[in-house]
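Participant: show me how the following folds:
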Amino acid sequence: MKVNKIMTVRVLFSLIVLFGFTSCSKKSSSRNTSSATGWKINDPNGGFQYNSNFTKQETAPGLVLVEGGTFTMGKVQDDPMHDWNNTPSQQHVQSFYMDETEVTNIMYMEYLDWLKRVFPPSDENYKHIYEGALPDTLVWRNRLGYNETMTNNYLRHPAYSQYPVVGVNWIQATEFAKWRTNRVNESILEREGYMKKGAKVVDVDSQNTFDTEAYLASPSTSFSGNEEIVLQKSGRSKGKAKKAKKADTDASADAATADAGTDGPKNVYAQKTSGILLPEYRLPTEAEWEYASAADVGNREYNIYRGQKKYPWKGPYTRSGKRTSRGDQLANFKQGKGDYGGIAGWSDDNADITAAVKSYQPNDFGLYDMAGNVAEWVQDVYRPIVDDEANDFNYFRGNVYTKNKIDKEGKIEFVTSENIKYDTLSNGKIIARDVPGQIAQVPVDQNETYLRQNFDKSNEINYRDGEKQSTRFYDFGGSEESEAKLSDKKRMYDSPIHKVSKDTLGSLDRKFDKSAKRTTLIGDDVRVYKGGSWRDRAYWLDPAQRRFCQQDIATDYIGFRCAMSRVGPKADFKKKARN
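Facilitator: Below is the predicted model of the structure:
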């Protein structure tokens, strides 16, 4: 009887174990079975390919996660001049990633080195690509000051390698972000076995480049379609995959394990559905930057919806109140007339110009120098008022929608050395709008905008900029035809329009707008910059403060940092469901 009981227990235990394994196998296999059709997803023999094992977005190099939420955007503390530059409004920002520090000189030098190697300035077709990306080192000069040390050394000398890059205008900053996107995704493809190891350095040249969007549209065109560089990844068993991952595999080793198993699709390029390619690096929007700088997440003892934080740190003062660092300045800024760093031997902020990044404590999001050091470019076109009536979610003014250019044969048109487009800035500097390997872009047309409610044209910068009657020179008696001819009257802000171009001999043809009727410097080419700098008083350290500058102007006190959108859930952790 006792033996029978033991046998019964053993049989029940075996059934429980068997049932458990069966349940697990069903659970894991259901992930690769379509709930719509019952067909197998990622079938090695073909069919729908999708990364059903995706967990979360990879944190890209240099970035930290900023969990989104609601906050009061705008001036909430000091406004002694009563300029109503940014009235308070309630906004919500989605989660995103942001650079831990400002972009440094060494980071930007890596960009310049890549451009010089791939698009040599000695080549007539590319001579303006590298030169157009160079920071303006002459921003350090002053008529009544000796700053030649910074002019000659600040960008390239190793002593300043970890200092924030300056002399970069808004256009150059956005081009750096595009370059960074492609280099990071190129590295990911190499790591995941979709690209030959070392190709991003050894095999790259002006005819063999990688662009993320171009790769997604047509992978076989990257690196001129060289199949030894741009690889198709093959399915493999879990055991073989682990062994291959441990080894330092190259293209031949990857090919050797091509038929090792059936866990994944065979002979495919990375796609959007693979989930490994990251969204683009870009400049943060003004709302994102201000939200990240204020970091109300660490200020829960106050009413975070009223914006009661004056600085990125807690408290109303710029000096530390902690026992170990009492009296130390919490940021790098100008403390008074002729006082940029305090008294020798006991410096207030340990810097006279900029300081190395991470010289001060981060805010509660883990971001450094969100006040002081250098002010920072953001994406937005400047307007005095944030139009929260039109939108209070991921607010941004500056959308210009484009689409891929399609040729007469219905194929995507790529930028080549023959069709690079250059822009001549107001100061005569020539900057490449695109580089070979990218997809040529054109404005969206009526095919995309017809009957849409959310946007109606390619350029939405001037949306709700004010009705026509608000403009100073509005012609009440004019017809629509005469008004169309006078395009200047259609602008809400009548800023000067300078025209600079190159004549047939290569000389600059400068036509400055000398009209006496101009009433403002605000225009569609004017961008917001945020945060105080080493040249600013403490007043500008408030995250809500905002200023503007023409997008092609560079200074010795404006730098930038990059951001990246987050795809998927708001945060990494899962909140328990309420009963």
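
Participant: tell me the SS of the closest residue in space to A432 that isn't next to it in sequence?
Facilitator: With CB to CB, 6 or more residues apart in numbering as the measure, I129 is the residue that lies nearest to A432, at 4.7 Å, once sequence neighbours are left out. For glycine as for every other residue, the C-beta is placed from the backbone atoms N, C-alpha and C. Following DSSP: H, G, I helix; E, B strand; the rest coil, we place I129 in the helix state.

Participant: so I129 makes contact with L115?
Facilitator: Yes - in terms of CB atoms under 8 Å, I129 counts as a neighbour of L115; the distance is 5.9 Å.

Participant: who has more neighbours, the two?
Facilitator: I129 (25 against 22; other CB atoms under 10 Å).

Participant: that older thread, which residues touch the residue nearest to A432?
Facilitator: Shown in contact with I129 (CB atoms under 8 Å, 6 or more residues apart in numbering): L115, F119, P121, I420, A432, V435.

Participant: save the residues you listed as JSON lines, and put in pLDDT too.
Facilitator: Shown next, in JSON lines, are the contacts of I129 (pLDDT from 0 to 100):
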{"residue": "L115", "pLDDT": "96"}
{"residue": "F119", "pLDDT": "95"}
{"residue": "P121", "pLDDT": "93"}
{"residue": "I420", "pLDDT": "91"}
{"residue": "A432", "pLDDT": "91"}
{"residue": "V435", "pLDDT": "92"}
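
Participant: got phi/psi on K178?
Facilitator: Here is the backbone geometry of K178 (degrees, to the nearest 10): phi -60, psi -50.

Participant: what is the neighbour count of it?
Facilitator: 18.

Participant: low-confidence stretches in this protein?
Facilitator: 1-29, 76-78, 81, 83-84, 234-266, 298-308, 346, 466-490, 504-506, 574-579 (pLDDT under 70).

Participant: for the biggest strand by length in it, buried residues please.
Facilitator: In the chain, assigned by DSSP state E, the strand with the most residues is strand 375-381. Buried residues in strand 375-381, defined by neighbour count with 16 or more other CB atoms under 10 Å: A375, E376, W377, V378, Q379, D380, V381.

Participant: can you show me the CA trace of it as CSV?
Facilitator: Only the C-alpha atoms of strand 375-381 are listed here, as CSV (Å, rounded to 0.1, in the frame of the first residue of the first chain):
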residue,chain,number,x,y,z
ALA,A,375,23.6,77.9,-23.6
GLU,A,376,22.1,75.3,-26.0
TRP,A,377,20.3,75.2,-29.3
VAL,A,378,16.9,73.5,-29.5
GLN,A,379,14.8,72.6,-32.5
ASP,A,380,12.1,75.2,-32.3
VAL,A,381,11.6,78.3,-34.5
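
Participant: strands paired with that strand, and their directions?
Facilitator: strand 526-530 (antiparallel), strand 558-559 (parallel) (DSSP bridges).

Participant: wait, which of those strands is closest to V166?
Facilitator: Between V166 and these, the shortest gap by CB to CB is with strand 558-559, which sits at 5.4 Å.

Participant: distance to D203 added to the buried residues of strand 375-381, as TSV?
Facilitator: Converted to TSV, those look like this (distance: CB to CB, whole Å):
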residue	distance to D203
A375	40
E376	35
W377	33
V378	36
Q379	34
D380	39
V381	39
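
Participant: from those residues, which is closest to E228?
Facilitator: Nearest member of the buried residues of strand 375-381 to E228, counting by CB to CB, is Q379, at 39.0 Å.

Participant: and the closest residue to the closest one other than its chain neighbours, how far from G46?
Facilitator: Nearest residue to Q379, sequence neighbours excluded (CB to CB, 6+ apart): L283, at 4.5 Å. Between L283 and G46 the distance, using CB to CB, to the nearest Å, works out to 42 Å.

Participant: and those two? Which one has more around it.
Facilitator: L283 (24 against 10).

Participant: so which residues of the stretch 101-250 of the chain form helices?
Facilitator: Remark: helices assigned in the stretch 101-250 of the chain by DSSP state H, counting those that start in this stretch are 105-118, 127-133, 148-153, 170-191, 199-202, 212-217, 238-246.

Participant: out of the ones you listed, which is closest to K310?
Facilitator: helix 170-191 (27.4 Å).

Participant: only C-alpha atoms, please: export that closest one in PDB.
Facilitator: Only the C-alpha atoms of helix 170-191 are listed here, as PDB (Å, rounded to 0.1, in the frame of the first residue of the first chain):
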ATOM      1  CA  TRP A 170      22.000  75.600 -35.500                       C
ATOM      2  CA  ILE A 171      22.300  74.200 -39.000                       C
ATOM      3  CA  GLN A 172      25.700  72.600 -38.200                       C
ATOM      4  CA  ALA A 173      24.300  71.100 -35.000                       C
ATOM      5  CA  THR A 174      21.400  69.400 -36.900                       C
ATOM      6  CA  GLU A 175      23.900  68.000 -39.500                       C
ATOM      7  CA  PHE A 176      26.000  66.600 -36.700                       C
ATOM      8  CA  ALA A 177      23.000  64.800 -35.300                       C
ATOM      9  CA  LYS A 178      22.200  63.200 -38.700                       C
ATOM     10  CA  TRP A 179      25.800  62.000 -39.000                       C
ATOM     11  CA  ARG A 180      25.700  60.600 -35.400                       C
ATOM     12  CA  THR A 181      22.500  58.700 -36.200                       C
ATOM     13  CA  ASN A 182      24.100  56.900 -39.100                       C
ATOM     14  CA  ARG A 183      27.300  56.000 -37.400                       C
ATOM     15  CA  VAL A 184      25.500  54.500 -34.400                       C
ATOM     16  CA  ASN A 185      23.100  52.500 -36.500                       C
ATOM     17  CA  GLU A 186      26.000  51.400 -38.700                       C
ATOM     18  CA  SER A 187      27.800  50.100 -35.600                       C
ATOM     19  CA  ILE A 188      24.700  48.200 -34.400                       C
ATOM     20  CA  LEU A 189      24.300  46.500 -37.800                       C
ATOM     21  CA  GLU A 190      28.000  45.400 -37.500                       C
ATOM     22  CA  ARG A 191      27.400  44.100 -34.000                       C
END
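
Participant: and it with strand 375-381, angle?
Facilitator: Helix 170-191 runs at 90 degrees relative to strand 375-381, counting by axes from the mean of the first three to the mean of the last three CA atoms, to 10 degrees.

Participant: which SS state does the nearest residue to Y557 once chain neighbours are set aside fall under?
Facilitator: Counting by CB to CB, 6+ apart, Y557 lies nearest to S533, which is 3.9 Å off, once chain neighbours are set aside. Of the three states, S533 takes coil according to three-state DSSP.

Participant: tell me how many other residues surround S533.
Facilitator: By other CB under 10 Å, neighbour count at S533 equals 28.

Participant: give the contact list for it.
Facilitator: F333, G372, N373, V374, A375, W540, Y557, I558.

Participant: let me know the closest of these to V297.
Facilitator: G372 (20.6 Å).

Participant: against R566, how distant is the closest one?
Facilitator: 27 Å.

Participant: L63 too?
Facilitator: Distance, L63 to R566, using CB to CB: 10 Å.

Participant: tell me, what's touching those two both at once?
Facilitator: Going by CB under 8 Å, 6+ apart, residues that sit against L63 and also against R566 are Y97.
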